[in-house]
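Student: just a sequence and a predicted model for now, questions to come.
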Amino acid sequence: MTRLEDLLHSLTTFLVRFHDSQPKILSKLVSESEQNNTRSIAIKILGDTSEGNGTRLKQIVKLCNTVYPERTPLLNFILNQIN
C-alpha cells in the first residue's frame, strides 16, 4: 500500500468515525461489534463504485452537518482532499 492510499483510508476513516460519533445519527455505519474494523468499512466505501464513493461520502458529510454546522468547512476540506 502506498502512502497516498493510506492517507485516503485514514481521511475516510475520520469521516466514518465522526459520522458515528454524532448523537442524533441513529443509523451508524459501524456496529458496536465492528468498532475495531472501522478502517475496513472506510476502505469498502472508497472501493464501492456502484453509486460512486464521492456521492456516499457527500451523504455522510451532509448528515454530520445537521448536528454541528460550524464544522462544515473542515468536513468539506477533508472530502475535497479525498476526491
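Tutor: The structure has been received and is ready for your questions.
Student: alpha carbons only for contacts and neighbour counts from here, please
Tutor: OK.
Student: from the contact counts, what lies against the lowest-mean-pLDDT helix or strand in the chain?
Tutor: In the chain, no helix or strand scores lower on mean pLDDT, DSSP states H and E than helix 53-64, which sits at a mean of 83. Under the contact definition 3 or more Cα pairs under 8 Å, 6 or more residues apart in numbering; DSSP states H and E, helix 53-64 sits against helix 3-21, helix 38-47, helix 72-82.
Student: present those as CSV; the columns should include mean pLDDT, distance to residue 64 and mean neighbour count.
Tutor: Converted to CSV, the helices and strands packed on helix 53-64 look like this (pLDDT from 0 to 100; distance: least, Cα to Cα, whole Å; neighbours: other Cα atoms under 10 Å):
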stretch, mean pLDDT, distance to residue 64, mean neighbour count
helix 3-21, 91, 6, 17
helix 38-47, 86, 16, 17
helix 72-82, 91, 8, 15
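Student: could I get the ones you listed as TSV with distance to residue 59?
Tutor: TSV is the format used below for these (distance: least, Cα to Cα, whole Å):
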stretch	distance to residue 59
helix 3-21	10
helix 38-47	12
helix 72-82	11
